[in-house]
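In: missing the sequence, but the structure's below:
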Ligand code: GTP
Ligand code: SPV
Ligand code: MN
């Protein structure tokens, strides 16, 4: 039999690919994107090594000094392609109201017509990688499978680390199994004989598009992070959130950790902090000396899928297999487990290169006690402390990241890939706020917790393209990741609470808020953060065990100074007051922002949100 071909392109799928729909879709996409070659990824170590070598040969990867950082590479992106592009991200539901007021929307037919000419021939001169991946353990009933077609080898190798990627996924899909089709292109076709003139080709025009009803993802123009690794934000959050709405579960921008006390009792905590607000850090927390015998273990650092069980418990899994984490600020003082995870087999993106072929980023001077004399910065330029002083140039981009397998993490929880997931005892919502919001409070009930999450504000960070340090509402830390109408999502959370409470067998997880980021008059963080966050976590567990009474405040139940273990930390009652006080004037301003936020979401806003807001306003007025 002749192999199927199309204008010289070999369309023959490997024998282990047996899904007719998949094979037909790859052929259809190849006809549209017109790649020079198709590579069906098998996920093997050999393939990973070969693709990394190819990226080295192309100049996209620099192999790091194997004596310092074995098996590791540095990629530096185009300066225009360094973060998620929220203003170019679309939820294309049939009806605009189903995407809701917080999402960019275009009618599916109109978006398809817009993308068609962009994708036509978009992979010319390049290889189309067929990347089969599973979010969640392979073959598990909670996992969802996707296939990403991409013309970026960088994407293929990152997907290998971040997901369960490879041949075995084809067995899961079988002859007629479901998969989420994901098409990605950097949008930089090559004419016949043309060679790349840059090591990070991409396109000025970018589109990150989701069709929630048909569960499809189309991404054009970017090669970076969440824009391009489509299993992560696109599938595991935006598409999964709509699956969760329809099927009765939750897809959340949350870390999951285990915390075990000296008596061996273990709790599981999920925490939603916006992008670059401390999830990776908190999930790998090393308790301070005063907490001898306590242990924190990582289940996930970015995404949680939470499913209610027949007994009313909420069990969570991490659908990912690796971490795509923020490098700057990470060091042996702030996050030793993370530093240990980065010893070997890491892909670094947009950090600086040292003269001995290792990596460096802002914050590492805390470990060595000094700035390096010379570096090549993330843009390939010479960097010295003097240049930094004069120009403010950062050696690493503030959104520089590492890609590393979860199995590199010394604090990895034994149950990190247990398909049953872990039972969640507490849920935290935490923003980055230099003023107003206290260090920690507990919601008095589920509905108040949903309100606190729904109205959460946070200062924008380098994780997304655009202005930084601007306070915006980021409900549930999901603003950039919501696949449907935000008000419907609040209702979904209320429904979940009600459903689980009715079962009556398992208490609902307690809901807390945190803010590690209050600043003093000098603009310095008051709370020491990082490992010291254990002191706050311990108070939360004390609340669960009825060992801490707390005190009622306008904004939930807060700890008294005496309820926090201060052993080994100098933190005065005055400092405590400055990170916990509720400033009435600031809160009056804050409530105006809640009003504005709810006005925007008014159309489908659950009435409970306005009731809780009323009660909060009344408490603030006394
Ligand atoms: P995404 O991967 O973007 O979703 O972010 P993330 O929430 O996992 O953020 P991550 O833990 O990587 O932290 C981002 C930045 O916040 C890093 O520069 C950290 O050093 C800093 N950070 C983390 N935890 C704390 C903390 O407790 N206090 C302070 N002041 N900074 C923190
Ligand atoms: C985030 O921005 O929340 C991330 C990084 O976790 S990215 O995968 O680029 O979205
Ligand atoms: Mn994230």
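Out: That came in fine, so what should we check first? Since this is a predicted model, take the numbers as computed values, not measurements. Ligands and ions are numbered 1, 2, ... in the order given.

In: use CA for all of it now, contacts and neighbours both
Out: OK.

In: check which helix or strand residue 198 maps to.
Out: Residue 198 belongs to no helix or strand when assigned by DSSP states H and E.

In: separation between it and ligand 2?
Out: From residue 198 over to ligand 2 the distance is 22 Å, taken as CA to the nearest ligand atom, to the nearest Å.

In: pLDDT at that residue, what is it?
Out: We have a pLDDT of 97 for residue 198.

In: can you pull the contacts of the closest residue in space to residue 575 that isn't next to it in sequence?
Out: Nearest residue to residue 575 in three dimensions, chain neighbours excluded: residue 526, at 7.1 Å (CA to CA, 6 or more residues apart in numbering). Going by CA atoms under 8 Å, 6 or more residues apart in numbering, residue 526 touches 517-520, 575, 578-579.

In: make a ChimeraX selection of the buried ones in those.
Out: Here is the ChimeraX command that selects the buried residues among the contacts of residue 526 (16 or more other CA atoms under 10 Å):
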select :517,518,519,578,579
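
In: of the contacts of residue 526, just say which sits nearest to ligand 1.
Out: Checking these against ligand 1 by CA to the nearest ligand atom gives residue 517 as the nearest, at 5.5 Å.

In: what's the distance between that closest one and residue 241?
Out: In this view, residue 517 and residue 241 are 28 Å apart by CA to CA, to the nearest Å.

In: how about residue 77?
Out: Applying CA to CA, the value for residue 77 to residue 241 is 30 Å.

In: then residue 336?
Out: Distance of residue 336 to residue 241, computed by CA to CA: 33 Å.

In: same question for residue 103.
Out: Distance of residue 103 to residue 241, given as CA to CA: 14 Å.

In: shared neighbours, these two?
Out: Counting by CA under 8 Å, 6+ apart, the contacts common to residue 103 and residue 241 are 482, 484.

In: shouldn't residue 256 be within a helix?
Out: No. Counting by DSSP: H, G, I helix; E, B strand; the rest coil, residue 256 is located in no helix; its state is strand.

In: what strand or helix carries the closest residue to it other than its chain neighbours?
Out: What sits nearest to residue 256 in space, not counting adjacent residues and going by CA to CA, 6+ apart, is residue 270, at 4.4 Å. In this structure, residue 270 sits in strand 266-272 according to DSSP H and E.

In: give me the helices and strands touching the following helix or strand past that strand, please.
Out: As assigned by DSSP H and E, the chain's next helix or strand after strand 266-272 is helix 279-283. Counting contacts by 3 or more CA pairs under 8 Å, 6 or more residues apart in numbering; DSSP states H and E, helix 279-283 packs against strand 255-260, strand 295-300.

In: for residue 342, phi and psi?
Out: Dihedral pair for residue 342: phi -100, psi 10, per degrees, to the nearest 10.

In: OK, contacts around it?
Out: Each residue near residue 342 by CA under 8 Å, 6+ apart is listed here: 402, 404, 408.

In: which positions in the stretch 351-500 of the chain make contact with ligand 2?
Out: Counting by CA under 6 Å from any ligand atom, the stretch 351-500 of the chain comes close to ligand 2 at residue 463.

In: to clarify, my last question referred to the chain.
Out: 83-84, 225-226, 233, 275, 463.

In: from those, which land in helices?
Out: Of the residues of the chain next to ligand 2, the ones assigned to helices by DSSP state H are 225-226.

In: and the residues of the chain next to ligand 2, which is closest to residue 177?
Out: Proximity of the residues of the chain next to ligand 2 to residue 177 (CA to CA) peaks at residue 233, which lies at 22.6 Å.

In: quick check, central residue of this structure?
Out: Taking CA atoms, centre = their mean as the criterion, residue 302 is the residue nearest the geometric centre of the chain, at 4.2 Å.

In: may I have the phi/psi pair for residue 261?
Out: phi -90, psi 170.

In: correction: the previous question concerned residue 306.
Out: For residue 306, the backbone dihedrals (degrees, to the nearest 10) come out as phi -120, psi 120.

In: OK, contacts around the nearest residue to it once chain neighbours are set aside?
Out: In space, and not counting its chain neighbours, residue 306 is closest to residue 316: 4.2 Å by CA to CA, 6+ apart. Shown in contact with residue 316 (CA under 8 Å, 6+ apart): 256, 304-307, 420-424.

In: rerun that using 7 Å as the cut-off
Out: By CA atoms under 7 Å, 6 or more residues apart in numbering, the residues touching residue 316 are 304-307, 421-424.
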